[in-house]
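*Asks:* Pasted the sequence and its predicted model underneath.
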Amino acid sequence: MTRILLLGGTTEANLMAQAIAKAELPAVYSYAGRTETPMGQPIHMRVGGFGGTEGLCAYLQAEQITHVIDATHPFAAQMSSNAVAACTATGTALIALERAPWTPGEGDLWTRVPDLPSAVAALAGPPRRVFLAIGRQHVDAFAAQPQHRYLLRVVDEPTGLLPFPAEVVVARGPFDLAGDIDLMRQHETEVVVAKNAGGKGAVAKIAAARALGLPVVMIDRPVLPQRRVAHGVADVMAWLSA
Ligand code: NAP
């Protein structure tokens, strides 16, 4: 009998959960537990890490999972690597629901960098107003470029001290173009730092930077182990029924 583990935390995972619920397939939606109030889902939910690859292997076996759908964020490289390793070790079927990365178009002023340390290095130079649009988790590294005035957009009000003084906006996506243009104007943003997440929920800041003629330091996606990939919910549903 089919029993699905959906690794979530993204808009795509939410859409996947809706399709699974509609098909009335037995499934569990898994959140890492990074946000204080995760969005409700139409399928059973669990919250928290599994305890590395070993813990995930144990979970898959204990819960008799037959299919894992990795719909995590493209930058959740640890979870995705663990999923590949655990599914290989336990013989569980795995598919990743991957969204296409954004590509620069006319009017985009991107500096592409391979990883977070290179994004930090790309900010060397005189003080600027920087929209650090990468979530709370990885902002600490930017303490190495303290000359800038940073704007952070985060899902939860930060607890404790930030590693540098920053203006903080607490908001949950999806965001829209007009709102992001307003935000950047209001904060007099001069450069945007973003991860190449792809998808629609977070693309507004990229479009806003284009509209305002602002440069973007775009962090490329981490390289992941090879796995079966689907690009839409319908493809995953077809795979499940095959
Ligand atoms: P990560 O670095 O790849 O994962 C670190 C650890 O967090 C994993 O080893 C696992 O712990 C746990 N984990 C991650 N995703 C999980 C899930 N869906 N269910 C249960 N445990 C999970 O991941 P991350 O970049 O911190 O992202 C965490 C979550 O936030 C993911 O679900 C992702 O989809 C979502 N998210 C991430 C970003 C981003 O920019 N990275 C943006 C938006 C949303 P154990 O080893 O203990 O199992």
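*Replies:* Here it is on my side, so go on. Residues are numbered from 1 along each chain as shown.
*Asks:* The protein: strands as residue ranges?
*Replies:* 4-7, 27-31, 44-47, 67-70, 93-97, 109-113, 129-133, 149-154, 166-170, 191-195, 215-219, 229-230 (DSSP state E).
*Asks:* A13 is nearest to which of these?
*Replies:* Among the strands of the chain, the nearest to A13 by C-beta to C-beta is strand 4-7 (6.1 Å). C-beta coordinates here come from the backbone N, C-alpha and C atoms, glycine included.
*Asks:* Let me know whether the closest one sits next to the ligand.
*Replies:* Yes. Part of strand 4-7 sits close enough to the ligand to count as contact by C-beta under 6 Å from any ligand atom, namely L7.
*Asks:* picking up where we left off before, make a markdown table out of the strands of the chain and add mean pLDDT and mean neighbour count.
*Replies:* As requested, the strands of the chain are arranged in a markdown table below (pLDDT from 0 to 100; neighbours: other C-beta atoms under 10 Å):
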| stretch | mean pLDDT | mean neighbour count |
| --- | --- | --- |
| strand 4-7 | 98 | 25 |
| strand 27-31 | 98 | 23 |
| strand 44-47 | 97 | 14 |
| strand 67-70 | 98 | 24 |
| strand 93-97 | 98 | 20 |
| strand 109-113 | 98 | 15 |
| strand 129-133 | 97 | 23 |
| strand 149-154 | 96 | 21 |
| strand 166-170 | 95 | 14 |
| strand 191-195 | 98 | 23 |
| strand 215-219 | 98 | 21 |
| strand 229-230 | 97 | 15 |
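*Asks:* could you dump those strands to a markdown table with distance to A83?
*Replies:* Shown next, in a markdown table, are the strands of the chain (distance: least, C-beta to C-beta, whole Å):
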| stretch | distance to A83 |
| --- | --- |
| strand 4-7 | 6 |
| strand 27-31 | 10 |
| strand 44-47 | 15 |
| strand 67-70 | 5 |
| strand 93-97 | 6 |
| strand 109-113 | 26 |
| strand 129-133 | 26 |
| strand 149-154 | 26 |
| strand 166-170 | 30 |
| strand 191-195 | 20 |
| strand 215-219 | 22 |
| strand 229-230 | 12 |
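*Asks:* OK, contacts around R185?
*Replies:* L212 (C-beta atoms under 8 Å, 6 or more residues apart in numbering).
*Asks:* Relative to the ligand, how far out is it?
*Replies:* 25 Å (C-beta to the nearest ligand atom, to the nearest Å).
*Asks:* now do R227
*Replies:* Look at R227 and the ligand: by C-beta to the nearest ligand atom, they are 14 Å apart.
*Asks:* Tell me the spacing between that residue and L97.
*Replies:* Distance of R227 to L97, computed by C-beta to C-beta, to the nearest Å: 11 Å.
*Asks:* anything in contact with each of the two?
*Replies:* Shared contacts of R227 and L97, counting by C-beta under 8 Å, 6+ apart, come down to D70.
*Asks:* Name the residues of this structure found near the ligand, please.
*Replies:* Contact residues, the chain versus the ligand (C-beta under 6 Å from any ligand atom): 7-10, 30-32, 34, 49-52, 55-56, 72-73, 75-79, 82, 135, 137, 195.
*Asks:* From those, which land in helices?
*Replies:* Among the residues of the chain next to the ligand, the members falling in helices (DSSP state H) are 52, 55-56, 77-79, 82.
*Asks:* For these, which single residue is the most surrounded?
*Replies:* Using other C-beta atoms under 10 Å as the neighbour test, those are led by L56, with 26 neighbours.
*Asks:* so A143 sits right up against A166, yeah?
*Replies:* No. The criterion here is C-beta atoms under 8 Å, and A143 misses it with A166 at 10.3 Å.
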